[in-house]
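J.: Predicted coordinates and the sequence they were generated for:
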Amino acid sequence: MKSMLTNTVNNTDGNNSDDVKAEHLLINEFVVRFANTNGTGSASANNMFAKAILRMGIPVSAKNIFPSNIQGMPTWYEVRISEKNYLGRRGGNSEMVVAMNAQSLNDDISSVQAGGYLLYDSSRALLDSQIRTDIHYLGMPISNICLKEYTDPRQRQLFKNVIYVGALAALLNMDFTLLKGLVRDQFKGKEKLITPNIYALELGYQYAKEHFICPLAIQVDSRNLVGDRILVDGNTATGLGAVFGGATVVGWYPITPSTSVIEKFASYCHRLRIDPASGQKNYAIVQVEDELAAIGVAIGAGWNGARAFTATSGPGVSLMTEFLGLAYFTETPMVLVNVQRSGPSTGMPTRTQQSDILACAYASHGDTKQVLLFPDSPSECFALSAQAFDIAEQLQTPVIVMSDLDLGMNDHLTTAFSWQDDKAYQRGKVLSAQQLDEVEVFGRYLDVDDDGICYRTLPGTHPDKGAYFNRGTSRNHFAGYTEKSADYVDNMERLTKKFINSVKFLPEPEIQQAKSRGQLGLIFFGTSSHPIAEAVDQLKEQGLIADCLRIRAFPFHQTIEQFIEEHSCNNKQVFVIEQNRDAQMKSLLVNELQIDPNKLASILNFDGLPVTSHLIVESVLSILASNQKNTKTG
């Protein structure tokens, strides 16, 4: 048997007994893919593996690829280990596959990179058709070990996962003491679970040491490359950001993949928003009958002066659009967190996309434009979610935080969250009772400062001044009902002015310029940014220098138009990278900035999995080659 990797493997099932010799080692640059069955408790064990690598000081990223049904279907968990800090999904085959699901075994065997390793449960022998001559088979009778060690069926299933993590510690040269420390941390307060879990780790570790040559030719070596970064998912960060942003009211209807935003918000409020004197809750979470009611609660609370929000995904946004139009037209502040998933309709509920861009930018009927924020990491989920409440109140309008399933539900290595304790909330133009006394005439929709943003009042501020009707119908400056064309036009033009001026309240784009101006420009946003650093390096190897711009908000800052103009002249090309089929961000750029569509080339990924650097680089090279060919033939 020939192999690209160096190691001798003693396989207990006799499928592959040849010694294999390799050409090189892989240290801290490989992917481990776990193949499990949904509902078997494997996610926590796989997550423990990723955290142990992190505690060794090695950058790591994890992707949980799971089905939308509750239990019994195949699920995968990919852990990318990269001391180069390439944290986007790599794609392609993996150097190590841990195959624990007989249902997907054939596909899992095919997903091993040539020269790589398959760790599998050899309690049942493989078929001849499942033997590849270019990979290493590590057969470990995990089910038989569990039958011998445990009498409870549930324990057999749960500890099966912990046993293979222990084996990986030996095979990959992991720090076993870190794994034991993780078990103690995970089960703090449940001490009776610590000893059996450590015992299961030791079962796997000792078996691998006795039956395989350890470590393998893929292994980890401790580094100091993580710094103060933390591993956390975006939904947790969003929930905490809402707490720090001052949110006190939530209208909620559960939907994948946004549910944990509210769950995390609730858990943090339970710790941080309980009045110490009375024990009363200083927050309200209202679980309602549908998405319409959920956003209705948020809008009503926002009108009443509370900082309020709701969280949903694409199907919920579709139902909420009429109320989004109401909040836009009545100029009521509130925040919507949209954790995007694959659509349309039910689509693929547990797969990621960035396919609600246009639906949210122009949410509701009529001439409506909504403010969007595009976080790309959990640290930005925290910061932008908190900032969204300031923006919503300053602009008196809905603000939509555009997350997605990959960002929301997967753990990401991100900078530690920061907060200034002396930060004051920006409430915008809200008149106090004293200010109302000083105002001769209050008009809710009078544009006193000529910036499109009017002054508002909160219910109960003054005994007899500042009241107004909040209506979804056309109104005059004093909130009085009207169908006069002039009043309607005046109001709509003021809303346009406010939208244009809102840019000054929004985060600016993040631009990375090469020392010498790049030969091409890459525009991206949200999780499309994760593979960019790797793609830029790979393009450089091809002799191409790329400048980068990350969009962080809509409406667009003028620097975006400048970037496009600078990188679309003299035979240069600008690429817009997004995870949807219809090039929605490109369409928004063209429509809002009045840009020639030919200046922008789309790189699209919509298979439900995070975009990879490989796809980006291959697309860039293909488009440039096509452009060059057309230039010659033209």
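T.: The structure has been received and is ready for your questions. Values in this document were obtained by computation on a predicted structure and should not be read as measured data.

J.: Grab the nearest non-local neighbour of Ile511.
T.: Nearest in space to Ile511, with sequence neighbours left out and distances taken as C-beta to C-beta, 6 or more residues apart in numbering, is Leu549 at 5.1 Å. For glycine as for every other residue, the C-beta is placed from the backbone atoms N, C-alpha and C.

J.: what about the one you found, neighbour count?
T.: Other residues lying near Leu549 total 24 when counted by other C-beta atoms under 10 Å.

J.: So for the residue positioned nearest the centre of the chain, what pLDDT did the model give?
T.: In the chain, the residue lying closest to the centroid (C-alpha atoms, centre = their mean) is Leu407, at 0.8 Å. Leu407 carries a pLDDT value of 98.

J.: so it makes contact with Ala237?
T.: No. Using C-beta atoms under 8 Å, Leu407 is not in contact with Ala237; the gap is 9.0 Å.

J.: intersection of neighbour lists for those two?
T.: Common neighbours of Leu407 and Ala237 are listed as 378, 381 (criterion: C-beta atoms under 8 Å, 6 or more residues apart in numbering).

J.: Centre of the chain to the lengthiest helix in the chain, how far?
T.: Criterion DSSP state H: the longest helix present in the chain is helix 613-633. Taking C-alpha atoms, centre = their mean, to the nearest Å, one finds helix 613-633 lying 29 Å from the centre of the chain it belongs to.

J.: what do you get for stretch 545-552?
T.: 19 Å.

J.: List the buried residues of it.
T.: By neighbour count with 16 or more other C-beta atoms under 10 Å, stretch 545-552 contains the buried residues 546-552.

J.: Next: stretch 562-572.
T.: Under 16+ other C-beta under 10 Å, the buried positions of stretch 562-572 are 563-564, 566-568.

J.: Over to stretch 153-173?
T.: Here stretch 153-173 shows 156-173 as buried, counting by 16+ other C-beta under 10 Å.

J.: Helices - which of those land there?
T.: Under the assignment DSSP H, those contribute 156-171 to helices.

J.: Check what pLDDT the residue lying closest to Arg89 once chain neighbours are set aside gets.
T.: Distance criterion C-beta to C-beta, 6+ apart; nearest residue to Arg89, sequence neighbours excluded, is Pro610 at 4.2 Å. pLDDT, Pro610: 98.

J.: Hmm, Pro610 is touching Thr352, no?
T.: Yes. Look at Pro610 against Thr352 with C-beta under 8 Å: they come within range, at 6.2 Å.

J.: quick one, which of the two is more surrounded?
T.: Thr352 (31 against 26).

J.: what about that one, distance to Asn64?
T.: According to C-beta to C-beta, to the nearest Å, Thr352 and Asn64 sit 11 Å apart.

J.: Correct me if wrong, but the residue nearest to the centre of the chain is in a helix.
T.: Yes. When DSSP: H, G, I helix; E, B strand; the rest coil is applied, Leu407 is found to be in a helix.

J.: so who does it touch?
T.: Here Leu407 is in contact with 234, 339, 352, 375-378, 381, 526-527 (C-beta under 8 Å, 6+ apart).

J.: just the buried members of those?
T.: For the contacts of Leu407, buried by 16+ other C-beta under 10 Å: 234, 339, 352, 375-378, 381, 526-527.

J.: how many neighbours does Ile616 have?
T.: 26.

J.: what's the pLDDT at it?
T.: 98.

J.: same question, Asn15
T.: Listed pLDDT for Asn15 reads 43.

J.: got the contact list for the helix or strand of the chain with the lowest mean pLDDT?
T.: Across the helices and strands of the chain, mean pLDDT, DSSP states H and E gives its lowest value to helix 613-633, namely a mean of 90. Helix 613-633 has contacts (C-beta under 8 Å, 6+ apart) with 86, 88, 90-92, 520, 522, 531-532, 534-535, 538-539, 542, 544, 571, 573, 575, 577, 601, 603, 605.

J.: mind running it again at 6 Å?
T.: 88, 91, 531, 534-535, 538-539, 601, 603, 605 (C-beta atoms under 6 Å, 6 or more residues apart in numbering).

J.: What of stretch 586-597?
T.: So stretch 586-597 is contacted by 361, 556, 561, 576, 600, 602 (C-beta under 6 Å, 6+ apart).

J.: Could I get the contacting residues of Asp376?
T.: Counting by C-beta under 6 Å, 6+ apart, Asp376 has contacts 526, 529.

J.: Tell me which helix or strand it sits in.
T.: Here Asp376 is covered by no helix or strand, with elements defined by DSSP states H and E.

J.: how close does the residue nearest to the centre of the chain sit to Thr368?
T.: Counting by C-beta to C-beta - Leu407 and Thr368 are separated by 26 Å.

J.: on that earlier part again, need the residues touching each of Pro610 and Thr352.
T.: Asp406.

J.: Spit out the contact partners of Thr330.
T.: Counting by C-beta under 6 Å, 6+ apart, Thr330 touches Asn470.

J.: again, but for Pro59
T.: Per C-beta under 6 Å, 6+ apart, neighbours of Pro59: 82, 85, 225, 413.

J.: Any chance of the residues you listed in TSV with neighbour count as columns?
T.: Formatted as TSV, the contacts of Pro59 follow (neighbours: other C-beta atoms under 10 Å):
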residue	neighbour count
Ser82	20
Asn85	14
Leu225	15
Leu413	21
